[in-house]
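Student: Sequence first, predicted model second:
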Amino acid sequence: MQIKFEINGEMVEIDVAPRISLADCLRDTLGLTGTHLGCEHGVCGACTVLVDGQAVRACLMLAVETDGQSIVTIEGLSNDDALTPLQASFRKHHALQCGFCTPGMITTAHALLSNEPHADADRVREVLSGNICRCTGYIPIVEAVLSAREHYADKNGSK
Amino acid sequence: MTLRNLLIGSPIERVEDLRLVRGRGRFVADINFEDQLHAVILRSPIAHGRIRAVDPTDALAMPGVCAVITARDLGAEVPLIPLRLQPLPELQPFRQPMLAYDKVRFVGEPLAVIVAESPQLAEDALEGVRVDIEALPAVIGRDAAEAGDTVLFEAHGSNRAIRWTAVRGDADAAFRRADYTRRETFRVQRHAALFMEPRGFVARWDDETEKLTVWGAAKVAFANRRILAAAMGLSEEQIEMIEVDVGGGFGSRGEFYPEDFLIPFAACLLRCPVKWIEDRREHLSTANHARETECDVEIAATSDGRILGLRGRAWTDNGAYLRTNGSVAPRNVAQFMSGPYDIENIHLTTDHLTTNKTPTGTYRGPGRFEGDFVRERLIDLMAKDLGIDRVEIRRRNLVPEAKMPFPLATITPFESATELDSGDNHALLERCLTDFGWDQKSELNGKLIDGRYHGIAVGCFIEGGGAGPSENARIVLETDGSFSVHIGSAAVGQGIETIMAQIAGDALQVPMNRIRVAHGSTNDVTEGFGSYHSRSTVMGGSAIVLAAEKLKHSIREAAAMVLRCGAEEVNWDGDRVGGPGDMTVTLADLCTEPIEAEATYRNSEFTYAYGSLAAHVAVDVETGEVEVVEVASIKDVGRMINPLTLKGQAVGSIVQGLGGALLEHLIYDEDGQLLTGTLADYMVPGADCFPNIRATVVELKPSPLNPLGAKGGGEGEIIPIGGVIANAVAAALADYSIEPFDLPLTPPRLWALIGEVQRVL
C-alpha cells in the first residue's frame, strides 16, 4: 500500500505491505534503527515513538495506520552537534547502562514533559512505568527526567 | 608502579552515552546487508517426546523460502554445545544438540531453521513444516525428577546429573555438640536475567577469503569462537566474532546457544548473509533460566548464638540440558552458602537435576542469591529462637578482619578452594545500620500503621569477582599521538569503554580524549576471556596497567634514539617526550609508525567485595501486598574506577533482586508448558515499583590481589535481597508468626499464608 507521512519533519511516501508494523517500517524501510524492538507485544516500551505528539508503541501500530500523520523518532529528537537537555540529563545522571531501552525512555519522557513540564516524581514514575529498563533500577532515569523539566518549562517543550 | 590518580575514582560521564542517548547505538538487529536472508527457528511445542518426523516439504514450496535446515542436514553427528565451565566427564551426557534429532526435551527446543527472503515469509513457513512427535510424560519438579519413572536421557538412566559437595571442618561433630539446631526447607523460584535486547546474529561467509564473520557476539566471544570453529570444522583464524552494542547480559546473554551455531551454519550453507533476531517469546522459553532451588538445611549454634555449623542438601532444577555454564549455580549454592560468616563446619550438597524445562545458566549472583536466602533466613530464625538481637547475632558471627584471608568451604568434584581476600565486615554492617537509620526504624518493627504492618531486616553478603585465568590488553600509540586500547573484556552495557579509558588514561598519563577503547572483535587481541564473574575491571583493567608499562618502556626506547640519551633519562608528560637537554619531541612526531605493546594479566585468586543491605517493608494483610518502603546498602570494592557507573550497578542490582524476591516467576504446568511466556505474564520491576533505593559503595580494603586494588562489583547487592526481604516480611508479620520459606513473596502467596494463620486463630 502506498502511504504518505511526515517523519522527523520530512514528508515521505513509501510502499509498504499492510502487515508491516510501524516499528519494522521505521527500522527496515527507513533505516531509523534508533527505535528498538524489545518485546513486540506492547509491554516493554523500547519502540516508543511520537505519532502526532502522542507516545505510541510502534510495534503495536501498523505502518499503514500512520498515513497522513506526523511521526517523530529518537533521531528526530537528536542533534548532531550537542545532546539535548533531556539527553544530557540522562548522561549526567547515569540513567542508562546498556542503552537499549533509552530511546523509548527519552521519547516517552519528551512526550510527558512537552505536555506536563511540571510533572512530579510520582507522575514521572507512573508514565515511565510502561517502559522496562533492566539495568538502572529506574532511579537515575526518574532523576534525569525531573531535572530536565526546567528546559521544557522554559522553552515550552522545544527540544 | 604508581598511577597518577586523576581519572580513576572520578564519576566521569560515559563515552558510550553520546551515541546511545541519540539512538545511534549499533545493536545486532541494526546490522544489515543488501543480500541478506532471514532465519527463524522452528521450536518444539512439546516438552518431552520422541521425534518421528520433521518434514519440510510444504514449507520449501512456500513463497520466498530458501532453505529448511533440519538435524539431518548437520551431518552424521549433530554437534553438541560443550561445557565451558566445569567440563566434568559425568556432565557430558547432558549436552544439548544444536538441533533436536531423536528426542525433544523442552518446549522451545530448536527442531529446524527456516531461511527466507524476509522475516515475515520465514515466519509464515513455520506452519509448512510438518512435525510429528510422540509425546512422553514430562518430568516437572523435583519429585518426578528424583523418582525417575521417566528419564530424559535413557542412556544415563537417571535425572540426576551430579552431586556437588561443599565441606569445611566436621559438620556432624559440630551438630553433636551444639546447644541449638534448626532445620527448615526453602524454595527459590525459577526466574531469569531477562536482558532487554533480544539475542540475535548476522553471519556472513566470504568465499574468496574463506572466512566467516559473526556479528552479535557478547560476553565470551573468544570461547564461543573456539566452540563455533570446532562445530563448523573451521579453524579459529577463519572466524571473526564481532561484538556491537549489547543490550544487557547479566550472565545469560553471550553464552553459546544453538543459534550461535545455526545462523553461521546457514550462512555458510547458503553462501549468503543470514540474520536472526530472537523474539521475546523465544527469549523467555529458550534463553537460560536460573535460580530454581530447593534446600533442606540445618543450622547449629551455641546458646549464645555462635554458629557452629551448616549442613544439608539442595536440589537445583536445571532444566533439560546442561549448557555452557549450567553447573555454576548448583555448585555455588553449596560453596557460598556461608557467605561472610565465620562458620567452621560445613557439609552441604547440591543435586543437579534435569527436568523438561528450559535449560539454566548463570544469572547475576548465581547460586549466591539462593544460598543467601537460606542462610539469612536461618540466622533470623535462630535469633528469634535464642532471644538474641538480629544485629547482635550477626556481629557475633561475621568473619573478623583479623581472620582474613579466610578460607571458605571446598567444593568437589572439580575441586575448588577459595578464600575471602580481605575486608572488614563489621565496619560495613555498622555503617549500613547508621545509613539506614536502624535504631529509629526499629520502633516501627512489627507495628500496624495506617493499615499495614511494618518490618525491617538487615543481611550481609560477599560477591566473588575477578575470575581468572587471564586477560589480555594491547595498547597502540598511533601515528597521530593517540592511543588505541584493545582488550579481551566484553561490553554488556556496563560501560567498559569509559572505565577502561579511565584506567588507561591514568596509566599512560594522558587525558581520556586521546584514548580509544576497542573491544569489539576477536581480532583485537590474541586471547580474551570476556565478561562474567564481575571480572572485566579487575582482569581487563589490570592487563591495561601492565600493557601501559610495557608501552611506556617502548616509547622511552624510541625516544632515546631520537633524543640521543638513555631510555631511563627520557621523561614524558603524556604529550611530549624530553631528554636531559632542552630537546623535546611530541608523541606524534616521535611515532612514524605505530608502537604497540601487549600484556597478559594472570590471576587465579578471586576478589571478594562484601557489604550489608537493609530493607524496610510494609505488608497489607488484606491483600498480601508487600511495599518496599526503603532499601539501603553498602559495599566495599577496594578501589572504585568510576563511582557513577558503580553506583548504577548497585542500584540496578538491588531492583533486579527485588524483582526476584517479589515478582518474577517462570511457571510451568504439569505438561511442561511455560505459563509465563510473555512480558504481560512474567512480571519485572517497573518504574513505579521501588522508588526508594540508596546504594553506597566505598573503598575501605583494597584487594591485595591485583595492581588496581579493585574487587569485582557488578553483582553484589542482588545476592542478599531474597533473604533480607523475606526476613523483613517475617518481622512485619510477627503478630501472625508467619515465616516465609518460599520465594517470590507475591500477594497471592503471602495472602494465603496470612489466611492460614487467621483460620487457626
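Tutor: Cool, the structure landed.
Student: so which residue of chain A comes closest to chain B?
Tutor: residue A:34 (2.1 Å; Cβ to the nearest Cβ). Glycine gets a C-beta too; all of them are placed from N, C-alpha and C.
Student: so who does that residue touch?
Tutor: Residue A:34 makes contacts with A:73-75, A:78, A:103, B:22-25, as judged by Cβ atoms under 8 Å, 6 or more residues apart in numbering or on different chains.
Student: want to throw these into a markdown table with secondary structure and neighbour count?
Tutor: Below are the contacts of residue A:34 laid out as a markdown table (DSSP: H, G, I helix; E, B strand; the rest coil; neighbours: other Cβ atoms under 10 Å in any protein chain shown):
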| residue | secondary structure | neighbour count |
| --- | --- | --- |
| A:73 | coil | 26 |
| A:74 | helix | 27 |
| A:75 | helix | 20 |
| A:78 | coil | 20 |
| A:103 | helix | 31 |
| B:22 | coil | 22 |
| B:23 | coil | 25 |
| B:24 | coil | 17 |
| B:25 | coil | 25 |
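Student: Show me the two of those residues that sit farthest apart.
Tutor: Farthest-apart pair in the contacts of residue A:34 is A:73 and B:25; separation 13.8 Å (Cβ to Cβ).
Student: Give me the distance from the helix or strand encompassing residue B:459 to the chain's centre.
Tutor: Using DSSP states H and E, residue B:459 sits in strand B:452-465. Averaging C-alpha positions (Cα atoms, centre = their mean, to the nearest Å) puts strand B:452-465 20 Å from its chain's average.
Student: Which elements pack onto it?
Tutor: helix B:368-386, helix B:390-397, helix B:425-436, helix B:438-442, strand B:607-620, strand B:625-636, helix B:721-732 (3 or more Cβ pairs under 8 Å, 6 or more residues apart in numbering or on different chains; DSSP states H and E).
Student: I'd like the mean pLDDT over the longest one, please.
Tutor: The one in question is helix B:368-386. For helix B:368-386, mean pLDDT rounds to 98.
Student: Mind listing what's buried along stretch B:52-68?
Tutor: B:54-56, B:59, B:62, B:65-68 (16 or more other Cβ atoms under 10 Å in any protein chain shown).
Student: Out of those, which is nearest to chain A?
Tutor: residue B:62 (15.5 Å).
Student: Tell me the first helix or strand C-terminal of the helix or strand encompassing residue B:174.
Tutor: If you go by DSSP H and E, residue B:174 is part of helix B:171-177. Sequence order places strand B:180-188 as the next helix or strand after helix B:171-177, per DSSP H and E.
Student: In chain A, what residue spans correspond to strands?
Tutor: Applying DSSP state E to chain A gives strands spanning A:2-7, A:10-15, A:48-51, A:54-57, A:70-72.
Student: For the stretch 51-200 of chain B, what lies in contact range of chain A?
Tutor: B:120, B:193-198 (Cβ under 8 Å from any Cβ of the partner chain).
Student: By neighbours, which of those residues wins?
Tutor: residue B:197 (29 neighbours; other Cβ atoms under 10 Å in any protein chain shown).
Student: Run through the residues that contact that residue.
Tutor: A:36, A:38, A:98, A:100, B:27-29, B:246-248, B:253 are the contacts of residue B:197 under Cβ under 8 Å, 6+ apart.
Student: ok, and the closest non-adjacent residue to it?
Tutor: residue B:247 (2.2 Å; Cβ to Cβ, 6 or more residues apart in numbering or on different chains).
Student: That neighbour against residue B:30, yeah?
Tutor: No. With contact defined as Cβ atoms under 8 Å, residue B:247 does not count as touching residue B:30 (11.0 Å).
Student: So the two - more neighbours on which side?
Tutor: With neighbours defined as other Cβ under 10 Å, residue B:247 and residue B:30 compare such that residue B:247 has more, 30 against 19.
Student: and residue B:262, what helix or strand is that in?
Tutor: Using DSSP H and E, residue B:262 falls in helix B:258-270.
Student: what's the most buried one of the strands of chain A?
Tutor: strand A:48-51 (a mean of 25; mean count of other Cβ atoms under 10 Å in any protein chain shown).
Student: So for that one, mean pLDDT?
Tutor: So the average pLDDT for strand A:48-51 ends up being 98.
Student: Mind listing the strands that strand pairs with, and their directions?
Tutor: Strand pairing for strand A:48-51, using DSSP bridges, gives strand A:54-57 (antiparallel), strand A:70-72 (antiparallel).
Student: Stretch B:520-534 near chain A anywhere?
Tutor: No. Contact of stretch B:520-534 with chain A (Cβ under 8 Å from any Cβ) is absent, the minimum separation being 12.3 Å.
Student: thinking again about what came up before, mind putting the strands paired with strand A:48-51 in JSON lines, mean pLDDT included?
Tutor: Listed next are those as JSON lines, based on pLDDT from 0 to 100:
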{"stretch": "strand A:54-57", "mean pLDDT": "97"}
{"stretch": "strand A:70-72", "mean pLDDT": "98"}
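Student: which residues touch residue 27?
Tutor: As the question left the chain open, I've gone with chain A. A:33, A:35, A:37, B:29-30.
Student: nope, chain B
Tutor: A:33, A:36, A:100, B:197, B:244-247.
Student: Tell me which residues of stretch B:658-676 come out buried.
Tutor: Per 16+ other Cβ under 10 Å, stretch B:658-676 contains these buried residues: B:658-666, B:668, B:672-674, B:676.
Student: swap in stretch A:116-123?
Tutor: A:117, A:119.
Student: Endpoints of that stretch, how far apart?
Tutor: 9 Å (Cα to Cα, to the nearest Å).
Student: Give me the contact list for that stretch.
Tutor: So stretch A:116-123 is contacted by A:112-113, A:127, A:142, A:145-146, A:149, A:152-153, A:156-157, B:691 (Cβ under 8 Å, 6+ apart).
Student: before we move on, back to that, kindly reformat the helices and strands packed on strand B:452-465 as JSON lines containing mean neighbour count and distance to chain A.
Tutor: Shown next, in JSON lines, are these (neighbours: other Cβ atoms under 10 Å in any protein chain shown; distance: least, Cβ to the nearest Cβ, whole Å):
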{"stretch": "helix B:368-386", "mean neighbour count": "25", "distance to chain A": "16"}
{"stretch": "helix B:390-397", "mean neighbour count": "19", "distance to chain A": "26"}
{"stretch": "helix B:425-436", "mean neighbour count": "20", "distance to chain A": "16"}
{"stretch": "helix B:438-442", "mean neighbour count": "14", "distance to chain A": "20"}
{"stretch": "strand B:607-620", "mean neighbour count": "28", "distance to chain A": "14"}
{"stretch": "strand B:625-636", "mean neighbour count": "24", "distance to chain A": "10"}
{"stretch": "helix B:721-732", "mean neighbour count": "29", "distance to chain A": "12"}
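Student: Identify whichever of the ones you listed lies nearest to residue B:472.
Tutor: Closest to residue B:472 of those, according to Cβ to Cβ: strand B:607-620, at 19.0 Å.
Student: that older thread, by neighbours, which of the contacts of stretch A:116-123 wins?
Tutor: residue A:145 (30 neighbours).
Student: wait, isn't that residue in contact with residue A:109?
Tutor: Yes. The criterion here is Cβ under 8 Å, and residue A:145 meets it with residue A:109 at 4.6 Å.
Student: what touches both of the two?
Tutor: In contact with both residue A:145 and residue A:109: A:86, A:124, A:128, using Cβ under 8 Å, 6+ apart.
Student: Redo the contacts of residue B:27 as CSV? Include distance to residue B:283 and pLDDT.
Tutor: Formatted as CSV, the contacts of residue B:27 follow (distance: Cβ to Cβ, whole Å; pLDDT from 0 to 100):
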residue, distance to residue B:283, pLDDT
A:33, 20, 98
A:36, 14, 98
A:100, 13, 98
B:197, 10, 98
B:244, 18, 95
B:245, 18, 96
B:246, 14, 96
B:247, 11, 96
